[in-house]
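> Predicted model and sequence follow; I will ask about them next.
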Amino acid sequence: MRRGAGAFGLAAMLVLPAAAQGPVAGKAMEHGAVPEAAPLATSRPADPANGRKIVVERRRGFCLLCHSGPFPEARFHGDLAPSLAGTGSRWTEGQLRARLIDSTAINAETIMPPYFRTGGGNRIGPVFIGKPILTAEEIEDVTAFLTTLRD
């Protein structure tokens, strides 16, 4: 798998913001990746089928509001962000995980919400104040699913 992809590849070591709170606060991110699931302290193996459901269901992952992809059953894919088709070929598992946890640690200008950070942010919906959008297990499920999307 490739390390670094265009503007998202980082040569320096980063640390997830302290605002991440919980099990990922202050965890090292190398080359724009969180290399292992261990920082999320999940208690079960990742479930790619559940990850796919999270991506496709608009009220869970919100992914298709901005992304398009190989999801023929879902209508009205977004076009604000890159297609999810081929994500497993473009980024490593660790890079995908890092983007889900908190993509602002990679690109401060991103419009992608931090799915596992609980502090900071703009225009946070009341239901998400003080808690992550996805659980650690759901982050791992979505990561596992996205790695299956190959060109």
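Thanks, I have the structure now. Residues are numbered from 1 along each chain as shown.

> Give the other helices and strands that the helix or strand that contains residue 51 contacts.
Assigned by DSSP states H and E, residue 51 falls within helix 48-56. Helices and strands touching helix 48-56, by 3 or more CB pairs under 8 Å, 6 or more residues apart in numbering; DSSP states H and E, are helix 136-148. In this view, the C-beta of every residue, glycine as well, is placed from N, C-alpha and C.

> Name the surrounding residues that touch the helix holding residue 51.
Residues outside helix 48-56 that contact it (CB atoms under 8 Å, 6 or more residues apart in numbering): 60-61, 63-64, 69, 71, 73-74, 84, 134, 138, 140-148.

> Any of those buried? List them.
61, 63-64, 69, 71, 84, 134, 138, 140-147 (16 or more other CB atoms under 10 Å).

> For residue 134, give me its contacts.
Residue 134 sits in contact with 54, 60-61, 100, 115-116, 142, where contact means CB under 8 Å, 6+ apart.

> can you list these in TSV and add secondary structure, pLDDT and distance to residue 89?
Compiled in TSV, the contacts of residue 134 are given as follows (DSSP: H, G, I helix; E, B strand; the rest coil; pLDDT from 0 to 100; distance: CB to CB, whole Å):
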residue	secondary structure	pLDDT	distance to residue 89
54	helix	96	21
60	coil	86	25
61	coil	86	21
100	helix	93	17
115	coil	89	22
116	coil	88	24
142	helix	96	17
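
> Farthest-apart pair in those, please.
Farthest apart among those by CB to CB are 60 and 116. That separation is 14.2 Å.

> Would you state the strands of this structure in chain order?
Taking DSSP state E, the strands of the chain run over residues 13-15, 28-30.

> weakest of these by average pLDDT?
Lowest mean pLDDT within the strands of the chain: strand 13-15, a mean of 34.

> that older thread, now do the helix holding residue 51 against helix 136-148, angle only.
Using axes from the mean of the first three to the mean of the last three CA atoms, to 10 degrees, the inter-axis angle of helix 48-56 relative to helix 136-148 is 90 degrees.

> mind listing what's buried in helix 48-56?
Result for helix 48-56 [16+ other CB under 10 Å]: buried residues 48, 50-56.

> Just the C-alphas of it, formatted as PDB.
Taking C-alpha atoms only, helix 48-56 is exported to PDB below (Å, rounded to 0.1, in the frame of the first residue of the first chain):
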ATOM      1  CA  PRO A  48     -16.800  -4.200   7.100                       C
ATOM      2  CA  ALA A  49     -20.400  -5.000   6.400                       C
ATOM      3  CA  ASN A  50     -21.500  -2.700   9.300                       C
ATOM      4  CA  GLY A  51     -19.000  -0.100   8.000                       C
ATOM      5  CA  ARG A  52     -20.700  -0.100   4.600                       C
ATOM      6  CA  LYS A  53     -24.100   0.400   6.300                       C
ATOM      7  CA  ILE A  54     -22.700   3.300   8.300                       C
ATOM      8  CA  VAL A  55     -21.300   4.900   5.100                       C
ATOM      9  CA  VAL A  56     -24.600   4.500   3.100                       C
END
